[in-house]
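Enquirer: my questions concern the predicted model and sequence given below.
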Amino acid sequence: MSWLGAGIGAGIGLMFGGPIGAALGAWIGSSFGSGLQRIGGAAAGLNRDGAQTVFIVTLFSMLAKMAKADGQVSKAEVQLIEDFMQNNLRLGAEDRSAAIKIFQNAKSDNYSIYDYAQQYRQLVHNQAMREMVYRLLFAVAYADGELHAAEESILRRIPTELGLHESIFAAMQAEFDHRAPASGHSLQQHYAVLECTPETSDRDLKLAYRRKAAEFHPDKIVSKGLPEEFMRYAEDQMKSITVAYETIAEARKRQASVAS
């Protein structure tokens, strides 16, 4: 069974209203129309399959908005999304067809990418899941090797809408933009990964690392609704968290050694 089919089977054929509800309704409305119920508030009742379906619907709707950021979706951008689904996300034929339909619907709906981000923040309280959406938006924005002005504008603003720390933009840019020089500036970006500063104590730094590592533990990510096809991105985030902590800890040791 596909992720969308599993979600419907688990009871995610409930309409939340707003952009995510509209995107889901546009996909399943013809088959489930009169059977849909409208519910409000956060998705406290979402089980794993339901959370997974909401994640996918939100992600591909937001990817459509990102691809259209410069005014229209070009053939090259469509090909990038196709390659992304096939080579990076490894979606099966049924899920790929559903994702494309959701993507196409979102290109012409009346909601903005920020509307989707705001509602997803309300529905999904797990920060790691929201960071994963942001990471995937970054991956698509950089798929052609550069970050365009309209894409950068979205990526700088959307952390606020997703309820993420503003420093996440610098952290992701350092990871995806391989042209960025490796200098002392990169230490600041490692702090951004952990949402810390050079003034953070060693104890609090370790606590921040453990908290972030726990959020991205594979078992926890899967239990919260991240499809297994996306686990590579969770693993990439875990690597970034570990590298950030180890780099900062080593830099502090060197600094302490020099001072003594």
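Expert: All right, it came through fine.
Enquirer: surely His134 touches Met172?
Expert: Actually, residue 134 is Tyr rather than His. Yes: under the criterion of Cβ atoms under 8 Å, Tyr134 makes contact with Met172 at 7.1 Å. Bear in mind the C-beta positions are built from the backbone N, C-alpha and C, glycine included.
Enquirer: between the two, which contacts overlap?
Expert: Residues within reach of Tyr134 and of Met172 at once, by Cβ atoms under 8 Å, 6 or more residues apart in numbering, are Leu155.
Enquirer: the two: which is more packed in?
Expert: Neighbour count, other Cβ atoms under 10 Å: between Tyr134 and Met172, Met172 has more, with 25 against 20.
Enquirer: for that one, give me its contacts.
Expert: With Cβ under 8 Å, 6+ apart, Met172 has these contacts: Tyr134, Arg135, Phe138, Leu155.
Enquirer: one more: Gln127?
Expert: Gly163, Leu164, Glu215.
Enquirer: for Pro19, same thing?
Expert: Ser61, Asp109, Tyr111, Asp115, Tyr116, Gln119.
Enquirer: out of the residues you listed, which sit inside strands?
Expert: Secondary structure defined by DSSP state E assigns none of these to strands.
Enquirer: among those, which pair sits farthest apart?
Expert: Asp109 and Gln119 (12.8 Å; Cβ to Cβ).
Enquirer: which of those two has more neighbours?
Expert: Gln119 (21 against 16).
Enquirer: ok, and the closest non-adjacent residue to the more buried one?
Expert: In space, Gln119 comes closest to Gly18 once its chain neighbours are excluded; the distance is 4.7 Å by Cβ to Cβ, 6 or more residues apart in numbering.
Enquirer: what separates that neighbour from His125, distance-wise?
Expert: Per Cβ to Cβ, to the nearest Å, Gly18 is found 16 Å from His125.
Enquirer: those two: which has the busier surroundings?
Expert: Gly18 (17 against 13).
Enquirer: that one and Ser112 touch, don't they?
Expert: No: in this structure, Gly18 is not within contact of Ser112 by Cβ under 8 Å, at 11.8 Å.
Enquirer: okay, and the residue positioned nearest the centre of the chain sits in which element?
Expert: The geometric centre of the chain, computed from its C-alpha atoms, lies nearest to Val133 (Cα atoms, centre = their mean), at 1.1 Å. Per DSSP states H and E, Val133 falls inside helix 127-141.
Enquirer: now that helix: mean pLDDT?
Expert: Helix 127-141 shows a mean pLDDT of 86 in the predicted model.
Enquirer: Gln104 and Leu63 touch, don't they?
Expert: No: the criterion here is Cβ under 8 Å, and Gln104 misses it with Leu63 at 11.3 Å.
Enquirer: have a look at those two and say which one is more surrounded.
Expert: Leu63 (26 against 14).
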